[in-house]
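A.B. asks: next come a sequence and a model predicted from it.
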Amino acid sequence: MQEKIRVGVLGATGAVGQRFVELLADHPWFELTALTASDASAGRRYGDACRWLLSSDMPPNMTDMPVRETSPTIECDLVFSALPGGLAGPVEEEFAAAGYGVFSNASAHRQDPDVPLLIPEVNPDHLSLIATQRARRGWERGFIITNPNCSAVMLTMALAPLQDVFGVRSVVVNTMQGLSGAGYPGVPSLDALDNVIPFIGGEEDKLALEPCKMLGKVRDGGVEFAGFAISAHCNRVPVREGHLETVSVALENPAELEEIPAAWRDWRPLPQQLNLPTAPRPPLVVRTEPDRPQTRLDRDAGRGMAVSVGRVRSCDVLDIRFVVLGHNTIRGAAGASVLNAELMVAQEMIDT
Ligand SMILES: NC(=O)c1ccc[n+]([C@@H]2O[C@H](COP(=O)([O-])OP(=O)(O)OC[C@H]3O[C@@H](n4cnc5c(N)ncnc54)[C@H](OP(=O)(O)O)[C@@H]3O)[C@@H](O)[C@H]2O)c1
């Protein structure tokens, strides 16, 4: 690649924004040239405006960078959005209308029929919706791509090879979701400590819907959703990072138990074939120990981009059961968006 593509982060001081800054500060294809946040942070040095929460140090080349207002006048070609949900909808549209490519973490546009909800390993062909999106909305260069909810990405990656090989008929999933999924400061400590909270607002609906969009087919300028139902139970647990999910699945076609991990191991998706910089190799790490994956031991697999699966058993109610785990602020948020952008660059879909 000749010149790096200039990118910005919207909401750069938040939990997901910081992950973006960490992943983009030294990226081989992208140069981070703009950071934005709320008016309270705008005008300050990033090092002063941001309370850095990651175990890595704030990248030294970012500390003096000025935080800008979140308006489509910043100097870059692509933006990664880590804005709060309500704000993200209109602001991301403003950026796209002004010609920026927008890679969003927020839920605002995930279910728009002409907006790809993308996992590069699962549905890279959904990028074809961008042509429809631009035509419908009158955008010449700009676009919006979304990545899924942080629990939906793990589940969908585990289901994709099973859908390909056996077909999926129905799914029951229980999540145990880390606290960082609620942003910073997130859940009050006196609610979180010594506790499990069996409610995360809006999460169960997202987890029931998003995998079916991603595993669906592009038809007539929209997506025909995969035709299976998902029953989701979402719980907040007192771990810092990592979402662990226990899953039961009914399959369309019968499978021997050993064929399930074989389908995961044999999966060879496009980002790994293209050798994208952020693509984990392998995308699914199959654990064979009886007590893995575990949140603390396995969330950093593949530098937080791999999804770990294991504990495959038969199910007396549906057909099979297993455990899936991923890092919610890397594979479930910032890393997912960066991989989306890498896929578009590799496919020469970015016009700078
Ligand atoms: N946390 C996760 O695991 C996760 C996973 C997937 C998706 N997401 C989604 O990613 C988005 C960001 O989540 P988060 O956890 O990073 O939230 P967060 O920690 O609360 O950060 C929010 C960011 O938005 C900025 N902001 C707030 N109000 C603003 C305004 N009026 N104008 C411009 N900027 C404003 C904040 O800047 P200030 O510092 O100046 O207030 C901060 O940089 C959300 O839509 C969330 O649903 C989160």
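C.D. replies: Here it is on my side, so go on.
A.B. asks: quick one: end-to-end distance for stretch 74-85.
C.D. replies: 21 Å (CA to CA, to the nearest Å).
A.B. asks: and if you look at stretch 261-275?
C.D. replies: One end of stretch 261-275 sits 23 Å from the other (CA to CA).
A.B. asks: can you list the buried residues in it?
C.D. replies: 261, 263, 264, 267, 269, 270, 271, 272, 274 (16 or more other CB atoms under 10 Å). For every residue, glycine as well, the C-beta is placed using N, CA and C.
A.B. asks: of these, which are in range of the ligand?
C.D. replies: Among these, no residue is within reach of the ligand (CB under 6 Å from any ligand atom).
A.B. asks: contact residues of the stretch 51-200 of the chain facing the ligand?
C.D. replies: That would be 70, 82-85, 87-88, 105-106, 150, 180-181, 183-184, which are the residues of the stretch 51-200 of the chain within reach of the ligand (CB under 6 Å from any ligand atom).
A.B. asks: nearest to residue 30, of those residues?
C.D. replies: residue 82 (15.3 Å; CB to CB).
A.B. asks: now the closest residue to the ligand within the stretch 101-250 of the chain: closest residue in space that isn't a chain neighbour?
C.D. replies: Using CB to the nearest ligand atom, the closest approach of the stretch 101-250 of the chain to the ligand is made by residue 183 at 2.8 Å. Leaving aside its sequence neighbours, residue 183 sits nearest to residue 15 (CB to CB, 6 or more residues apart in numbering; 4.9 Å).
A.B. asks: my guess is the one you found contacts residue 184. True?
C.D. replies: Yes. Residue 15 is within contact range of residue 184, at 4.7 Å (criterion: CB atoms under 8 Å).
A.B. asks: who has more neighbours, the two?
C.D. replies: Counted by other CB atoms under 10 Å, residue 15 and residue 184 do not tie: residue 15 has more neighbours, with 23 against 14.
A.B. asks: pLDDT value on the more buried one, please?
C.D. replies: Per-residue pLDDT puts residue 15 at 89.
A.B. asks: got the residues of the stretch 201-350 of the chain near the ligand?
C.D. replies: So the stretch 201-350 of the chain meets the ligand at 328, 329, 332, 333 (CB under 6 Å from any ligand atom).
A.B. asks: need the contact list for the first one.
C.D. replies: This points to residue 328. Taking CB atoms under 8 Å, 6 or more residues apart in numbering as the criterion, residue 328 is in contact with 150, 151, 177, 178, 180, 181, 241, 242, 243.
A.B. asks: in the stretch 201-350 of the chain, what residue is nearest the ligand?
C.D. replies: Counting by CB to the nearest ligand atom, the stretch 201-350 of the chain gets nearest to the ligand through residue 333 (3.6 Å).
A.B. asks: hang on, residue 333 in a helix?
C.D. replies: Yes. Judged by DSSP: H, G, I helix; E, B strand; the rest coil, residue 333 forms part of a helix.
A.B. asks: so how many other residues sit close to the residue nearest to it when sequence neighbours are not counted?
C.D. replies: Spatial nearest neighbour of residue 333, excluding adjacent residues (CB to CB, 6+ apart): residue 16 at 4.5 Å. By other CB under 10 Å, the residues close to residue 16 number 28.
A.B. asks: going forward, count from 696.
C.D. replies: With 696 as the first residue, the last one maps to residue 711.
A.B. asks: quickly find the element holding residue 711.
C.D. replies: Per DSSP states H and E: residue 711 is located in helix 710-719.
A.B. asks: and for that helix, what's in contact with it?
C.D. replies: 702, 704-707, 725, 727, 730, 732, 741, 745, 747-749, 751, 753-754, 757, 775, 777, 800, 875, 878-879, 881, 973, 1024-1025, 1028-1030, 1032-1033.
A.B. asks: filter the residues you listed down to just the ones in helices.
C.D. replies: Mapping the contacts of helix 710-719 onto helices (DSSP state H) picks out 741, 1030, 1032, 1033.
A.B. asks: which one (most neighbours) among those?
C.D. replies: Counting neighbours by other CB under 10 Å, residue 1032 leads the ones in helices among the contacts of helix 710-719 with 28 neighbours.
A.B. asks: what's the overlap in contacts for residue 710 and residue 879?
C.D. replies: With CB under 8 Å, 6+ apart as the test, residue 710 and residue 879 both reach residue 748.
A.B. asks: and residue 829, how far from residue 789?
C.D. replies: For residue 829, the distance to residue 789 equals 16 Å [CB to CB, to the nearest Å].
A.B. asks: ugh, typo on my part, it should be residue 912
C.D. replies: For residue 912, the distance to residue 789 equals 31 Å [CB to CB].
A.B. asks: so where do the helices sit in the protein?
C.D. replies: 710-719, 741-744, 780-792, 824-832, 845-860, 884-887, 898-909, 954-960, 965-968, 990-993, 1030-1041.
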